[in-house]
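*Asks:* have a look at this prediction, sequence included:
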Amino acid sequence: MHIVVCIKQVPDSAQIRIHPVTNTIMRQGVPAIINPFDLFSLEEALRIKDRTGAKVTVLTMGPPMAEASLRKALSFGADAAVLLTDRKFAGSDTLATSYALTSAIRKLHEEDPVDLVFCGKQTVDGDTAQVGPGIATRLGLQQLTYISKIEGVDTEKREITVHRRSEGGVQVLKTALPCMITMLEGTNTMRFGTMDDLFRAARTPLRQWGKDDCVEDETKVGLKGSPTVVSKVFVPKPRAQKANVVEGDGPAALAAAAIDTIFAAQPKLASELLAR
């Protein structure tokens with residue numbers, strides 16, 4: 001069984017600043033980390049490896065410095081890592097990124113058939129949640145998004161059973177492999193790497209692929225393949241709003257007064273709730 005986990009190196013969102021004049025992100029001095037949402041998917045892939053003996057390959061696209069994130073993933077227990085890096089990939093939006101990653105996954109599949117693809121639900125820098133579904137669409141895989149639990153993987157029947165969080169509750173789904181999964185945040189806790197994995201991560205040679213190694217159509221990557229244009233990045237203006245003071249004699253009266261205040265501020269809310 002072969003599992004591919006797509007990760008991304010992102011700037012630590014807790015330390016990002018916006019330049020007051022140019023309105024662009026100031027990355028100088030901001031440490032780079034693995035996208036936090038990707039860690040939930042990586043941990044789940046490693047848990048499947050623990051149960052089934054699967055091979056876990058970590059894949060990312062980025063500058064050469066993204067090698068640090070791949071080695072971090074190897075230290076957690078991943079078996080192999082591939083870095084897509086090429087100046088032609090610079091400026092890729094989610095459409096171009098999904099195309100490049102799909103091309104790399106196809107090449108990995110030729111070497112060792114891929115059964116599962118894991119992606120983070122979204123990234124903390126782009127926040128679009130588009131790359132994972134984009135990869136699934138290009139590969140023709142069943143999409144299992146917002147997964148809160150993987151109940152089981154049957155390697156003989158090539159089936160997987162998962163719990164998917166939805167607006168109305170939890171869906172229990174079973175589908176055939178291969179498929180693509182994005183895990184919800186808070187579904188697990190990233191393990192600590194063992195000493196053996198830490199040493200292995202430090203000395204394992206990483207595979208680096210450029211445009212010519214896996215991409216067939218270079219017009220679909222980088223700025224050429226990116227229809228999305230970011231015209232401006234800015235810090236939202238802080239809003240000052242006075243708190244509503246609710247008074248009442250006892251908990252029941254306070255609750256009733258609070259509900260009346262909410263309905264007064266949102267006249268359509270009561271009818272919408274009744275309709276539902």
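*Replies:* That came in fine, so what should we check first? Numbering: from 1, shown residues only.

*Asks:* next, give phi and psi for T161.
*Replies:* phi -120, psi 130 (degrees, to the nearest 10).

*Asks:* that one is in contact with E151, isn't it?
*Replies:* Yes. Counting by CB atoms under 8 Å, E151 is a contact partner of T161 at 4.3 Å. Backbone N, C-alpha and C define where each C-beta goes, glycine included.

*Asks:* joint contacts of the two?
*Replies:* The contact sets of T161 and E151 overlap at V172 (CB atoms under 8 Å, 6 or more residues apart in numbering).

*Asks:* neighbour count winner among these two?
*Replies:* Each of T161 and E151 has its neighbours counted (other CB atoms under 10 Å); T161 has more, 14 against 11.

*Asks:* quick check: phi and psi on P64?
*Replies:* Torsion angles, degrees, to the nearest 10, at P64: phi -50, psi -30.

*Asks:* how close does the residue nearest to it when sequence neighbours are not counted get to V10?
*Replies:* In space, and not counting its chain neighbours, P64 is closest to T85: 5.6 Å by CB to CB, 6 or more residues apart in numbering. From T85 across to V10, the span is 16 Å (CB to CB, to the nearest Å).

*Asks:* contacting residues for the residue nearest to P64?
*Replies:* Neighbours of T85 in contact, by CB under 8 Å, 6+ apart: M61, G62, P63, P64, A66, Q208, W209, G210.

*Asks:* what's the closest of those residues to V114?
*Replies:* W209 (15.5 Å; CB to CB).

*Asks:* just give the nearest non-adjacent residue to the closest one, would you?
*Replies:* Nearest non-adjacent residue to W209 (CB to CB, 6+ apart): L84, at 5.4 Å.

*Asks:* the one you found against C214, yeah?
*Replies:* Yes. Using CB under 8 Å, L84 is in contact with C214, at 7.5 Å.

*Asks:* please identify which of the two sits among more neighbours.
*Replies:* Higher neighbour count among L84 and C214: L84, with 25 against 20, using other CB under 10 Å.

*Asks:* for the more buried one, give the beta-bridge partners.
*Replies:* M61, W209 (DSSP bridges).

*Asks:* from M190, how far off is it?
*Replies:* From L84 across to M190, the span is 23 Å (CB to CB).

*Asks:* with Q241 instead?
*Replies:* Taken as CB to CB, the span from Q241 to M190 is 38 Å.

*Asks:* with P238 instead?
*Replies:* For P238, the distance to M190 (CB to CB) stands at 33 Å.

*Asks:* cool, L101 as well?
*Replies:* 22 Å.

*Asks:* of those two, who's got more company?
*Replies:* The neighbour comparison of L101 against M190 (other CB under 10 Å) goes to L101, with 27 against 13.

*Asks:* hang on, that one in a strand?
*Replies:* No. Counting by DSSP: H, G, I helix; E, B strand; the rest coil, L101 is located in no strand; its state is helix.

*Asks:* tell me the domain ranges of this protein?
*Replies:* According to automatic domain parsing, the chain comprises the domains 2-220, 241-276.

*Asks:* tell me which stretches of the stretch 1-150 of the chain form helices.
*Replies:* 36-52, 67-76, 94-111, 131-139 (DSSP state H, counting those that start in this stretch).
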